[in-house]
Every structure is written in structure tokens, then in C-alpha cells.
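# below: sequence and its predicted model.
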Amino acid sequence: MTKKEIGTDQLITHIIKGIEEVKGNDITILDLREIENTVCSYFVICNGTSNTQVNAIVNSIQKTVSKSIKDKPWHVEGGENAEWVLIDYVNVVVHVFQKHIREFYDIESLWGDAKTTTIETNY
């Protein structure tokens, strides 16, 4: 494994930890590395039940990643209405949705060629 892959794996691990800290639902990782012309290597997708929980998930991800591996997102978008917040860590892009917005846009189907990993949660 290259240093970049180790860093990306570590980042994803801490992103998932941040999601789980505030009980984010339906965590999915899309591996985009085998698809041509993608802007990043991975999508991490999850959802919350309200705009309050979506904001809590976003804050938890940023806090966990910042504390653990001293990384900050390059860009965060969508926090104003908290229906769909995108956190861009360059190689990994996190999508935090409200459930009905996630179902409407159905990103997993749009990126149907990506290798999908579902994270099991115990809550």
C-alpha cells in the first residue's frame, strides 16, 4: 500500500467514527478509483433524521478527523439548510443527507459502477 492509500484509509476510518459518534444512519462507501474521470477516490454517504442531526454529523466528522489526524476539509458546502452537506477532503468526499433528500438524489444509483461497501452499525 502506498502512503497516500494509508492516509486515505485512515481518513475514511475517522470519518466513519465521526458519523457513528452521533448515530448517523445508512453509512455507505463508494470506491470510485476504477471509474474514469472521477474527481475523488471515495464517496462516504450517510444520512440523519433532521437538519439538527445532519449538522451534528458534519461537526462530529470535522472534529474527529481534526483531532485524530490533524486534517481539515478543503471545502464544506450546504450547511445553511442542512439537507445535503458535502465535506470535501480532496480524495474523499463525504455526503451527509437528510433521509428524504438522499432517497430523492439516489447517488448510489448514479455511481452504480462503483464498488459499494455498507458499514454495519450497532445502534
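Sure, I can see it.

# now the helices for the protein?
3-21, 51-69, 99-105, 107-110 (DSSP state H).

# what comes up buried for the last one?
Same thing as helix 107-110. Using 16 or more other CB atoms under 10 Å as the test for burial, helix 107-110 gives E108. In short, each C-beta sits where N, CA and C put it, glycine included.

# please state the offset of it from the chain centre?
Here helix 107-110 is found 14 Å from its chain centre; the criterion is CA atoms, centre = their mean, to the nearest Å.

# who's in contact with I19?
I19 makes contact with 27, 44, 46, 57, 60-61, 96, according to CB atoms under 8 Å, 6 or more residues apart in numbering.

# T8: which of those is nearest?
V44 (10.9 Å; CB to CB).

# I'd like to know how far the closest one sits from D26.
11 Å (CB to CB, to the nearest Å).

# more neighbours: those two, which one.
V44 (25 against 16; other CB atoms under 10 Å).

# so what sits opposite the residue nearest to that one when sequence neighbours are not counted in the bridge?
Leaving aside its chain neighbours, V44 sits nearest to V94 (4.7 Å; criterion: CB to CB, 6 or more residues apart in numbering). V94 has the following beta-bridge partners by DSSP bridges: V44, I87.

# from what I can see V94 touches I61, true?
Yes - applying CB atoms under 8 Å, one finds V94 in contact with I61, separated by 6.2 Å.

# joint contacts of the two?
With CB under 8 Å, 6+ apart, V94 and I61 have common neighbours 15, 87.

# hmm, back to that, quick one: common contacting residues for V44 and D26?
With CB under 8 Å, 6+ apart as the test, V44 and D26 reach no residue in common.

# just the C-alphas of stretch 29-43, formatted as PDB.
Provided in PDB are the C-alpha atoms of stretch 29-43 (Å, rounded to 0.1, in the frame of the first residue of the first chain):
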ATOM      1  CA  ILE A  29     -18.600   3.900   1.000                       C
ATOM      2  CA  LEU A  30     -18.300   4.100  -2.800                       C
ATOM      3  CA  ASP A  31     -14.900   3.300  -4.200                       C
ATOM      4  CA  LEU A  32     -14.600   5.400  -7.300                       C
ATOM      5  CA  ARG A  33     -10.900   4.500  -8.200                       C
ATOM      6  CA  GLU A  34     -11.800   2.200 -11.000                       C
ATOM      7  CA  ILE A  35     -14.100   4.700 -12.700                       C
ATOM      8  CA  GLU A  36     -12.600   7.100 -15.300                       C
ATOM      9  CA  ASN A  37     -12.700  10.900 -14.800                       C
ATOM     10  CA  THR A  38     -13.800  11.000 -11.200                       C
ATOM     11  CA  VAL A  39     -12.900  14.000  -9.000                       C
ATOM     12  CA  CYS A  40     -12.000  11.900  -6.000                       C
ATOM     13  CA  SER A  41     -11.200   8.300  -4.900                       C
ATOM     14  CA  TYR A  42     -14.100   7.700  -2.500                       C
ATOM     15  CA  PHE A  43     -17.600   8.900  -1.500                       C
END
